[in-house]
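1. Predicted coordinates and the sequence they were generated for:
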Amino acid sequence: MVRELQARLGQLDLFSRTPTGYYGEVTVNAVRDFHERQNLPTSGSVSETAWTELRRVTKTPSQPAMYPSTSQPVGKLDRRCRTGRVLCVSKTTRTLSWVVNGTIRSSVDVRFGSQYTPTREGQFKVDRKERSWTSTLYHTPMPYSMFFSGGQAVHYSADFAAHGYAGASHGCVNVRDKGAISRLFDQVEVGDKVVVYW
């Protein structure tokens, strides 16, 4: 249902991301924009009236439209992500892409540190991996940690899963999709490149 909603909003140029099935901040804002465009009461949820109107003004999305390939042209990646095995982290799109020899294998939504504890930008490498880890500084769980710059790591965040972009990390790259980060953790090796950029 959410993927169909996102795909239909995409037909109206209100949702510019790949459908994810996750009803988060980006989808809420797209729904609000649709309400405004159609002169409906503005909210971040989809009423029966709004859904009926959306279905009226869009076509039924195809399966590939709702579940597109995550591969993207190499030209859209930071140049440092185009060779080798790379965790390619874009602060602009708030996504982490797992890239192997220029081909995106998977992508997930991520969030970063606050202005007081920013996530460092640059090129790094995975120094170590910890499937189960608790921060020694903040005493919070950091499952599926892939450390790349001192104590900063890519890891699953239950807080990000629960509260979305309302919060921030202490500098780490947070992932909210536990299944996706578990699969990624199994593929990434110590020594793989990490690129964090705007």
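-> Now that the structure is in, tell me what you want to look at. Numbers count the residues shown, from 1 in each chain.
2. Could you use CA atoms for every contact and neighbour count after this?
-> OK.
3. Can you find the helix or strand of this structure with the lowest average pLDDT?
-> helix 63-66 (a mean of 81; mean pLDDT, DSSP states H and E).
4. what sits up against that helix?
-> With contact meaning Cα atoms under 8 Å, 6 or more residues apart in numbering, helix 63-66 is reached by R3, E4, Q6, A7, T18, P19.
5. Tell me the most packed of the residues you listed, by neighbour count.
-> In terms of neighbour count, A7 stands highest of the contacts of helix 63-66 at 29 neighbours, by other Cα atoms under 10 Å.
6. okay, now the domains of the protein?
-> The chain breaks down into these domains under automatic domain parsing: 2-66, 74-197.
7. mean pLDDT for those: which is lowest?
-> For the domains of the chain, mean pLDDT drops lowest on domain 2-66, to a mean of 89.
8. tell me which residues of the longest strand belonging to the chain are tucked away?
-> Longest among the strand segments of the chain by residue count, using DSSP state E, is strand 103-111. Residues T103, I104, S106, S107, V108, D109, V110, R111 are the ones in strand 103-111 that count as buried (16 or more other Cα atoms under 10 Å).
9. Repeat that for stretch 117-133.
-> Buried positions in stretch 117-133, judged by neighbour count with 16+ other Cα under 10 Å: P118, T119, R120, Q123, F124, K125, V126, D127, K129.
10. what's the third one in contact with, if anything?
-> So the one you mean is R120. Going by Cα under 8 Å, 6+ apart, R120 touches S149, G171, V196.
11. Please name the bridge partners of the first one.
-> Which is S149. Beta-bridge pairing for S149 (DSSP bridges): Q152.
12. thinking again about what came up before, need the winner for burial among the domains of the chain.
-> domain 74-197 (a mean of 18; mean count of other Cα atoms under 10 Å).
13. Which residue ranges of this structure form helices?
-> For the chain, helices defined by DSSP state H occupy the ranges 2-11, 25-37, 48-57, 63-66, 158-163, 178-187.
14. Dump those into TSV; add distance to S145 as well.
-> Converted to TSV, these look like this (distance: least, Cα to Cα, whole Å):
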stretch	distance to S145
helix 2-11	29
helix 25-37	25
helix 48-57	40
helix 63-66	30
helix 158-163	13
helix 178-187	8
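15. right, so of those, which gets closest to R85?
-> Checking the helices of the chain against R85 by Cα to Cα gives helix 178-187 as the closest, at 9.9 Å.
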